[in-house]
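Could you work out the structure for the sequence below:
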Amino acid sequence: MKLIWYLLMKFYIKIGLDFYYKKILVKGLENVPKNKAIMFISNHPNSLIDPLLIATTDKRSTHYLTMAGVFSNNIVKKLLYSFHMIPVYRMKDGYSTVSENEKIFQYCYRLLKKKKCILIFAEGSHNMQRRVRPFRKGFARIVFGAMDKFNDLEIDIIPVGVNYTSVTKYASKVSICYGKPIPVKPFWEITDRNKAINKLKEEAFEQLKLVTNHIEDLNNYDKIIQHFEKDEFLHPEKVNKKLINLDIDAPIKKDLKIQNIFNPLLFLVKINSFFPLLIWKKLKKKVKEKEYIATFKYALGISVFPTFYFIQTGIVSYFWGSTIGWTYLILSFLSVFILTKTKKY
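Reported below is the predicted structural model:
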């Protein structure tokens, strides 16, 4: 039953993502072994959306290490557990809770022994900047710990770059890029454990940069961003190549015209979604970090919006019959999907 529930959840979440993103581009899936223990490491620009995108594209049943803070609500906790999300604690969550991580690590060791996949955000936190930030040691401790416990274990680390045209906007585009596998065993065999951890961190960091837009010059970050069209960020290999010889003082060749054309489909969707949009307007004020904006938008999109459409369908059916009611429901979902795939900024 757990597997069936997981697959149903994965299917529903994937449909929701297709309704939320204009384009989801997946690259490098051939790099993911079908029957081997894997540690995915990824950049983390977009809170809970990042693991959902990886979950619905990697073709494997993956477990996800997630900040313990999001497990505070019992209903949310059960839902996240059912989708293979695992809480990981940090010092700011309280010293006593950090000891819980040892239990989590032991659980991860057993998962890897069973040739399962684990996703960890090696940077340790989320950040919207288009770059790879320094790694923490957690991912290295887990893979080395698993191999210490099970000496015959073979583990690959696979970098995953998640690259958005916009982290916060609805109907933006995203690419998920799977990099080349990094065998852990050669690093595990290094006698000096601190040296082994540092070497693995360095290699994983460099490999993740290859599949992620990586702007290293933070002093000129905003200036550099202006030299790229949004869609270029879907292709990190091209962005990073362009960055090598980029003249940040060169004139910016961009069409900066702002299109303010009336969109009748957008108008109709807003009218039809009046109450869900009203809820979002109230909720938006409570979102303190921009990295959570897409998460809340998406959560409303797969829960509140459909609920209201079904309620409105019931009302329409009551007054005008079930045929018109079902037609209204189909057109409600279809109009949102078409809007998502055609929306321009």
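
where does the chain dip in pLDDT?
90-98, 254-260, 345 (pLDDT under 70).

Now do the strands in it.
With DSSP state E as the criterion, the chain has strands at 23-27, 37-42, 62-67, 85-88, 117-120, 155-164, 173-178, 182-183.

looking at the ones you listed, which is closest to Asp148?
Within the strands of the chain, the stretch nearest Asp148 is strand 155-164; the backing value is 11.7 Å (Cβ to Cβ). Just so you know, the C-beta spots here come from the backbone N, C-alpha and C atoms, and that holds for glycine as well.

How is the chain partitioned into domains?
Using automatic domain parsing, the domains assigned to the chain come out as 2-244, 264-342.

Please identify the most buried of those domains.
Per-stretch averages of neighbours, counted by mean count of other Cβ atoms under 10 Å, single out domain 2-244 among those, with a mean of 17.

For that domain, measure first residue to last.
Taking Cα to Cα, to the nearest Å as the measure, domain 2-244 stretches 48 Å from start to finish.

Also stretch 215-234?
The first and final residues of stretch 215-234 sit 14 Å from each other (Cα to Cα).

roughly how far out does it sit from the chain middle?
Shown here is stretch 215-234, whose average C-alpha point lies 20 Å from the average C-alpha point of the whole chain (Cα atoms, centre = their mean, to the nearest Å).

Tabulate the domains of the chain (JSON lines), appending distance to Pro251.
JSON lines is the format used below for these (distance: least, Cβ to Cβ, whole Å):
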{"stretch": "domain 2-244", "distance to Pro251": "10"}
{"stretch": "domain 264-342", "distance to Pro251": "30"}
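
do you know how far Phe296 is from Leu334?
Between Phe296 and Leu334 the distance is 24 Å, computed by Cβ to Cβ, to the nearest Å.

go on, Val211?
Between Val211 and Leu334 the distance is 34 Å, computed by Cβ to Cβ.

Kindly report the same for Pro236.
Pro236 is 33 Å from Leu334, by Cβ to Cβ.

Which residue, neighbours along the chain excluded, lies closest to the spatially most central residue of the chain?
The residue lying closest to the centre of the chain (Cα atoms, centre = their mean) is Asp50, at 0.8 Å. Across the structure, with Cβ to Cβ, 6 or more residues apart in numbering as the measure, the residue nearest Asp50 apart from its sequence neighbours is Val162 (5.1 Å).

Enumerate every residue touching the one you found.
Applying Cβ atoms under 8 Å, 6 or more residues apart in numbering, we find Val162 in contact with 42-46, 50, 53-54, 174-177, 212.

List just the nearest of those to Glu100.
Among the contacts of Val162, His44 lies closest to Glu100 (Cβ to Cβ), at 21.2 Å.

For that closest one, list the residues it contacts.
For His44, the contacting residues are 50, 121, 123, 125-127, 162, taking Cβ under 8 Å, 6+ apart as the criterion.

which of those residues sit farthest apart?
Taking every pair in the contacts of His44 and measuring Cβ to Cβ, the maximum separation is 14.6 Å, between Ser125 and Val162.

Please flag which of the contacts of His44 sit within helices.
In helices, judged by DSSP state H, the following of these are found: Asp50.

so can I have a markdown table of the contacts of His44 showing distance to Leu17?
Supplementary listing: the contacts of His44 in a markdown table, determined by distance: Cβ to Cβ, whole Å:
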| residue | distance to Leu17 |
| --- | --- |
| Asp50 | 12 |
| Phe121 | 18 |
| Glu123 | 22 |
| Ser125 | 23 |
| His126 | 18 |
| Asn127 | 21 |
| Val162 | 12 |
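
ok, the contacts of His44 vs Asn194, which is closest?
Ranked by distance to Asn194 (Cβ to Cβ), these are led by Glu123 at 20.1 Å.

Residues in contact with stretch 272-286: which ones?
Residues external to stretch 272-286 that are found in contact with it (Cβ under 8 Å, 6+ apart): 270, 293, 296-297, 300, 304-305, 308-309, 312, 332, 335-336.
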